[in-house]
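**Q** Output the structure for:
(2 chains)
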Amino acid sequence: MPAFYITEDVQPDGPVVLAVSGEIDFEVSPRLSDCIDGHIKAGHVRLMLDLSEASFIDSTAIGVLAGAAMRLRKSSDGSLVLVCNVENRKIMRIFEIAGLESTVDVYHSREEAFADLAAAC
Amino acid sequence: MAVQTELSVAAELRMDARASELAGARRYAAEAAAAFGLEADAGYDFVYAVNEAVTNAIRHGSPDEHGQILLSVRAAEGRLVLSVHDRGNFALPTWPPRAGREGGRGFALMERLVDDVQVRVDRQGTTVTLTTARM
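**A** Numbering: from 1, shown residues only, chains lettered A, B, ... in the order given. Next up, the predicted model:
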């Protein structure tokens, strides 16, 4: 089972892309929360989280994502969007059951998300 | 020595009430689901629900004098039954969660993923029992 890992890609003009892999449970969801909060404090208010390589996401991590998305939406130019490959059925199924897509925009590829974000600017 | 059920997995697992032990709880639930014969999706759902129940026990419950909580599993009448017991008496979160609220999803997810969720709170503590039937 791949370990939890976050790859951070900070682009000068685009959203910060955080690629999260492995199992995201209550052992590591505080690290995900700290990572997101760190970027927001640094002024990176446009975040894209790619969970295509994640194999598990529990309710505490879903709460971190939903909470951050709600907070960022309240700022003038902030946003948090999710990316997950449709072939990752485990993660997509949990998103669906948790009703996450009513709170956070979910895209099936980074390209799709980038295109939508560019169109919104 | 662990008591064996017809599931060919240990009937009980005492685990330290620490988040670092959650992966072990998921492995135990996965072994029980496989031994019981749940199909892949139902097995994943069962493991997910168990992880939520154990997470609640770690976050909101109280461990025993050894710092542990107890998982027990059995098969009965075509159903797989797993209980998570701790010594606390945590209050059930309100449902549905308010918009933007970060907690309160665990029980709702459990109820969607297994056939039955029962919570018993008594002087011995809190027991969450998850039941799922073989399709």
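**Q** Touching, B:P63 and B:I69? I think so.
**A** Yes: at 5.6 Å, B:P63 counts as touching B:I69 under the criterion of C-beta atoms under 8 Å. In short, each C-beta sits where N, CA and C put it, glycine included.
**Q** These two: which is more packed in?
**A** B:I69 (28 against 20; other C-beta atoms under 10 Å in any protein chain shown).
**Q** Would you mind measuring the gap between the ends of stretch B:57-70?
**A** Chord length of stretch B:57-70, first to last residue, is 10 Å (C-alpha to C-alpha, to the nearest Å).
**Q** quick check: mean pLDDT across that stretch?
**A** The pLDDT scores in stretch B:57-70 average 96.
**Q** And the helices in chain B?
**A** Chain-ordered helices for chain B, with DSSP state H as the definition, fall at B:22-36, B:40-60, B:106-113.
**Q** Just put those helices in CSV and tack on distance to chain A and mean neighbour count.
**A** Shown next, in CSV, are these (distance: least, C-beta to the nearest C-beta, whole Å; neighbours: other C-beta atoms under 10 Å in any protein chain shown):
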stretch, distance to chain A, mean neighbour count
helix B:22-36, 5, 20
helix B:40-60, 5, 22
helix B:106-113, 4, 20
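**Q** do you know which of those lies nearest A:V106?
**A** Closest to A:V106 of the helices of chain B, according to C-beta to C-beta: helix B:106-113, at 16.9 Å.
**Q** shared neighbours of B:P63 and B:I69, anything?
**A** Here B:P63 and B:I69 share the contacting residues B:17, B:86, scored by C-beta atoms under 8 Å, 6 or more residues apart in numbering or on different chains.
**Q** CA atoms only: put stretch B:118-130 into PDB for me.
**A** Presented in PDB, the C-alpha positions along stretch B:118-130 are these (Å, rounded to 0.1, in the frame of the first residue of the first chain):
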ATOM      1  CA  GLN B 118     -26.100   0.300  16.200                       C
ATOM      2  CA  VAL B 119     -24.600   2.400  19.000                       C
ATOM      3  CA  ARG B 120     -24.900   1.200  22.600                       C
ATOM      4  CA  VAL B 121     -23.800   3.400  25.500                       C
ATOM      5  CA  ASP B 122     -23.900   1.800  29.000                       C
ATOM      6  CA  ARG B 123     -21.800   1.800  32.100                       C
ATOM      7  CA  GLN B 124     -19.100  -0.300  30.400                       C
ATOM      8  CA  GLY B 125     -18.700   2.300  27.700                       C
ATOM      9  CA  THR B 126     -19.700   2.700  24.100                       C
ATOM     10  CA  THR B 127     -20.100  -0.100  21.500                       C
ATOM     11  CA  VAL B 128     -20.600   0.600  17.900                       C
ATOM     12  CA  THR B 129     -21.800  -2.500  16.000                       C
ATOM     13  CA  LEU B 130     -21.600  -2.700  12.200                       C
END
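**Q** For it, give me every contacting residue.
**A** B:46, B:49-50, B:53, B:56-57, B:61-62, B:81-90, B:92, B:110, B:114, B:116-117, B:131.
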